[in-house]
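Q: Got a sequence here, can you model it:
(one chain, ligands or ions: 2)
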Amino acid sequence: MDRFGNKLVFVGNMGAGKSTAIRAISDTEPVSTDMPMSEAVAGGKTTTTVALDYSSVELEGGELLHLYGVPGQRYLDFMWPMVCEGAIGIIAMVKAGDVEPVDEIASLLREFARLAPEASFVVGVSHADLTPGFELVRFRDALAQRGFNLPVLKVDAREPLQVDFLIKALLSCRHAGSQLLAEA
Ligand SMILES: Nc1nc2c(ncn2[C@@H]2O[C@H](COP(=O)(O)OP(=O)(O)O)[C@@H](O)[C@H]2O)c(=O)[nH]1
Ligand SMILES: [Mg+2]
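A: Ligands and ions are numbered 1, 2, ... in the order given. Presented below is the predicted three-dimensional model:
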């Protein structure tokens with residue numbers, strides 16, 4: 001056990017459920033840093049803010065996890081290297097209604113695999129309850145066809161037990177010796 005703790009990173013677009021998931025399992029009140037976006041990226045809407053989340057949780061057995069949430073939008077990718085530094089796990093959050101185009105998610109996963117080569121990965125699909133017709137297996141197959149070997153689970157970010165399960169799935173991959181990309 002590392003008494004300084006290990007780092008997990010939640011990444012996903014706005015509304016995917018990152019802040020909610022972090023809050024659901026946190027031992028402490030999460031810190032959320034709002035950053036005003038430049039006019040160039042916000043298309044003139046300077047009031048739009050983006051948030052970086054941070055909190056921590058102590059697992060059964062005393063392992064401390066530092067939890068970070070970072071936006072998945074490309075124009076905010078300057079934050080990715082710093083949050084990925086030393087990360088043992090990446091949790092890609094995606095809303096069920098946003099799983100298409102799959103190539104967009106595949107490209108995000110590829111980028112994070114490059115930034116955090118030691119990390120294990122899971123995909124958590126939120127808002128399945130609001131997305132009739134969503135088929136998890138089809139989405140998982142589409143990722144597998146692109147060479148991604150990783151757990152893909154539905155998660156309601158508001159439910160602590162579901163978020164906890166997602167993290168356990170992630171941590172169980174840590175020792176499985178599997179690589180994210182089949183071709184890697
Ligand atoms: N119905 C439903 N709402 C969810 C689910 N997961 C998250 N939410 C809600 O989605 C909204 C956006 O979540 P938030 O954590 O702010 O997303 P973030 O932008 O990724 O941090 C919040 O109101 C959550 O309560 C889900 O599985 N189902
Ligand atoms: Mg948020």
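Q: Tell me where this structure has strands.
A: Applying DSSP state E to the chain gives strands spanning 6-12, 31-36, 49-58, 64-71, 87-95, 120-126, 152-154.
Q: comparing those strands, which gets the lowest mean pLDDT score?
A: Lowest mean pLDDT within these: strand 31-36, at a mean of 72.
Q: So is stretch 106-122 next to ligand 1?
A: No. Contact of stretch 106-122 with ligand 1 is not found when judged by C-beta under 6 Å from any ligand atom; the minimum separation is 13.5 Å. All C-beta atoms are positioned from the backbone trio N, CA, C, and that covers glycine.
Q: Give me every residue in this protein lying close to ligand 1.
A: So the chain meets ligand 1 at 12, 14-20, 69, 126-127, 129-130, 156-158 (C-beta under 6 Å from any ligand atom).
Q: Is it possible to mark the buried ones in those residues?
A: Buried subset of those (neighbour count, 16 or more other C-beta atoms under 10 Å): 12, 16-20, 69, 126-127, 156-157.
Q: Show me those residues that map onto helices.
A: Taking DSSP state H as the definition of helices, those contribute 18-20.
Q: of those residues, closest to residue 32?
A: Minimum distance to residue 32 across these is 6.5 Å, recorded for residue 19 (C-beta to C-beta).
Q: Spatially, what comes nearest to the closest one if we skip its sequence neighbours?
A: With C-beta to C-beta, 6 or more residues apart in numbering as the criterion, residue 19 has its nearest non-adjacent residue at 5.1 Å, and that residue is residue 53.
Q: try residue 51
A: Closest residue to residue 51 apart from its sequence neighbours, by C-beta to C-beta, 6+ apart: residue 32 at 4.7 Å.
Q: quick one: contacts for residue 68?
A: 7-10, 52-54, 83, 87 (C-beta atoms under 8 Å, 6 or more residues apart in numbering).
Q: what about 10 Å?
A: Residue 68 sits next to 7-11, 18, 22, 52-56, 79, 82-84, 87, 90-91 when contact means C-beta atoms under 10 Å, 6 or more residues apart in numbering.
Q: Pull out the buried residues from those residues.
A: Here, 16+ other C-beta under 10 Å leaves 7-11, 18, 22, 52-56, 79, 83-84, 87, 90-91 buried among these.
Q: and ligand 2, which of those contact it?
A: When the buried ones among the contacts of residue 68 are checked against ligand 2 using C-beta under 5 Å from the ion, none falls in range.
Q: Quick one: neighbours of the residue lying closest to residue 88 once chain neighbours are set aside, just the number.
A: Using C-beta to C-beta, 6+ apart and skipping the chain neighbours, the partner closest in space to residue 88 is residue 6 (4.6 Å). Look at residue 6: counted by other C-beta atoms under 10 Å, it has 17 neighbours.
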